[in-house]
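[1] Quick one, structure for this:
(chains A and B)
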Amino acid sequence: MRLTHLPLTTLKEVPADAEIISHQLMLRAGLVRRLSSGLFTWMPLGLRVLRKVERIVREEMDRAGALEILMPAVQPAELWQETGRWDVYGDLLLRIRDRHDRDYCFAPTAEEVVTEVARRELRSYRQLPVNYYQINTKFRDEIRPRFGVMRAREFVMKDAYSFHLDQASLEATYDAMAEAYSRIFTRLGLRFRKVDAHGGEIGGSRSQEFHVLAESGEDRIAWCEGDSFAANVEMAPAAPPAIPRPAGTQALTRVPTPGVRSIDDVTAFLKVGASQCLKTLVVEGSDGGLVALLLRGDHELNPLKAERAPGVARPLKLASPERVLAATGAPVGAIGPVNLPLPMVADHSALVLADFVCGANAADAHLTGVNWERDLPLPRAADLRNVETGDPSPGGGGALTIARGIEVGHIFQLGDKYSQSMHAVVLDQDGKERVMTMGCYGIGVSRIVGAAIEQNHDGNGILWPEPMSPFDVILIEINPKKSDPVTAAAGALYKDLQAAGFDVLFDDRDARPGVKFADADLVGIPHRLVVGERGVREGKAEYRHRTSGNEEQVGLTDVLDFLRARRELPRQG
RNA sequence: CGGGGUGUAGCUCAGCUUGGUAGAGCGCUUGCUUCGGGAGCAAGAGGUCGCAGGUUCGAAUCCUGUCACCCCGACCA
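    This is a model prediction of the structure:
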């Protein structure tokens, strides 16, 4: 592709409403343009990237035995009413009405439609298992679209749905999908982790997420290098401390703490570490009352774990300050477990504190030197907190590492939630109807593009992993109008590269070199070839690798072999 | 849905307080000079100042309404 035939508009300035780097770079490099909130047009360069991702996804799905289909993006309400999700899905579902006043929605997902397909097509257990997939546009009417294509309302998703006679077959396909996903993200050249995940309301027994590792990720994931443990932090169990509680040495003392509310206030005012404090969070209870949750001061409450604690209401809801005051006589921030008239559940690590600091259940006062069993009885223990870096792995292989991730894939064992309510059955060996059991497997195709940039960029622009770069090579001619030999050499090289099967972007614009270099860096094509007068005189082109910055002179006749040798192999693991 | 903010040229923004009929930088067009990391000079094109009312001799500016977008939170997973 010649740049004189591709109206590429790059931006020097950062668009005002782009918050994160991938969004900024995608706009600056001309990959996408925003049409409206959460809606993007994929421009030529961006679409090439999207297509490369799709191709790899498609190849690996096919290899894993999945069958590609294409389902309507607009779906009738009747199907959604069959499973009850028409009412449950809420405002995330974009509802549409046609000229006959019939209700439809724009698909946010396709369990209903694919189950309808399966119950019509599949009659016999002999046909199973079947794994249908599609790559299609989805729409979710997000409350707050943000981060460009990473949380858009309209997006491209690969969604697959498998149908089985029994759990063993489901597990086999689930494992095959997990393997296919690992291959996909490996081939894309991304650093990623597969982690145990929370299935959420979608139901089912087992679920794992695939995360691209990036600082800007919205999720936190924990894993251990020494064993196979890996989980979303929201799902990672924290082991009870191995060491016993030390003996108390201090006397229980009530100290005035005017204006002190938060743990930060306490540590600053009393000059103690947060890990020496105990914090008390009051939440709504399942019986309409309140429940106090006790955590070490430096620990973070895990909402999913808290919801499973005895007596805690679902969904988890912090009690209002008024309710807390009414129930305890003390304001939020001064609550502590000593003589607290509420049921209490303590995190394991809070129970090995000694001589700790906590609220005194009175405004502007705290207690120091508090000790379990001397000053107050031990409450019920539970795992309530988020794991932290350095916590022991549940797998026993050593310490946990925690990093941020962007969720780009999610696989579920669904069970019969949809097949049951939609009566998707086949006849088994005995001629008896059996409800099929299902799995579903999603990949955020358009999100991958943003995630890849989050993970791979520098101060000058994008650093595409080779497999998803819009072009393999960018060829720049320097001052072509001034030098016929340069024009001739660059033109010939362009033809040769194309003939050799390289995707080449040829910057043949009549622009200054600096402009071309800056655009090349911004767009992020991995291999750059420069043909200029001083090189051509010696029969050479200048090669530069975008990511490493390494430069070399290459003979014009050696370029093809040189580049072939430099194509990256897929990253391992 | 609650709170905050912004709508002025393709992009980033100034002008608004104190009304007098619209600007800068980048980008775009043309010419000349330049030319190996986002050139210089000159001349241009481009805006019903989000939209609709109102006040006023006169509104980008003041008032009312409305729409769109952004941020924080809640919600969702």
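[2] Can you name the residues of the stretch 251-400 of chain A sitting close to RNA strand B?
    Contact residues (Cβ under 7 Å from any atom of the strand) of the stretch 251-400 of chain A with RNA strand B: A:303, A:315, A:317. Heads up, the C-betas are built off the backbone N, CA and C, glycines and all.
[3] Weed out the non-buried ones from these.
    A:P303 (16 or more other Cβ atoms under 10 Å).
[4] I'd like the residues of the stretch 251-400 of chain A next to RNA strand B laid out as a markdown table, including secondary structure and pLDDT.
    Shown next, in a markdown table, are those (DSSP: H, G, I helix; E, B strand; the rest coil; pLDDT from 0 to 100):
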| residue | secondary structure | pLDDT |
| --- | --- | --- |
| A:P303 | helix | 86 |
| A:P315 | coil | 78 |
| A:K317 | coil | 82 |
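[5] could I get the residues of the stretch 251-400 of chain A next to RNA strand B as a markdown table with distance to A:A489?
    Formatted as a markdown table, these follow (distance: Cβ to Cβ, whole Å):
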| residue | distance to A:A489 |
| --- | --- |
| A:P303 | 63 |
| A:P315 | 67 |
| A:K317 | 70 |
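[6] and of the residues of the stretch 251-400 of chain A next to RNA strand B, the nearest to RNA strand B?
    Nearest to RNA strand B, judged by Cβ to the nearest atom of the strand, of those is A:P315 at 5.3 Å.
[7] so who does that closest one touch?
    By Cβ atoms under 8 Å, 6 or more residues apart in numbering, A:P315 lies in contact with A:E307.
[8] Would you agree A:I221 falls within a strand?
    Yes: counting by DSSP: H, G, I helix; E, B strand; the rest coil, A:I221 is located in a strand.
[9] OK, contacts around it?
    By Cβ under 8 Å, 6+ apart, the neighbours of A:I221 are A:193, A:195, A:209, A:211, A:230-233, A:402-405.
[10] quick check: longest strand of chain A.
    Secondary structure of chain A per DSSP state E: the longest strand is strand A:400-415.
[11] what are the pairing partners of it, and which direction each?
    According to DSSP bridges, strand A:400-415 forms sheet pairs with strand A:206-213 (antiparallel), strand A:219-224 (antiparallel), strand A:437-444 (antiparallel).
[12] just those: most buried one?
    strand A:437-444 (a mean of 26; mean count of other Cβ atoms under 10 Å).
[13] Now do the helix or strand just after it: which elements does it pack against?
    Next along the chain after strand A:437-444, taking DSSP states H and E as the criterion, comes helix A:445-455. Applying 3 or more Cβ pairs under 8 Å, 6 or more residues apart in numbering; DSSP states H and E, one finds that helix A:445-455 makes contact with helix A:21-28, helix A:44-63, strand A:154-164, strand A:206-213, strand A:400-415.
[14] What mean pLDDT does the longest one get?
    Averaged over helix A:44-63, pLDDT sits at 97.
[15] What lies in contact with it?
    So helix A:44-63 is contacted by A:6, A:8, A:26, A:29-32, A:42, A:68, A:133, A:135, A:156, A:158, A:160, A:180-181, A:183-184, A:187-188, A:443, A:445-446, A:448-449, A:464, A:467-471, A:523 (Cβ under 8 Å, 6+ apart).
[16] Quick one, which of those are buried?
    A:8, A:26, A:29-32, A:42, A:133, A:135, A:156, A:158, A:160, A:180-181, A:183-184, A:187-188, A:443, A:445-446, A:448-449, A:464, A:467-471, A:523.
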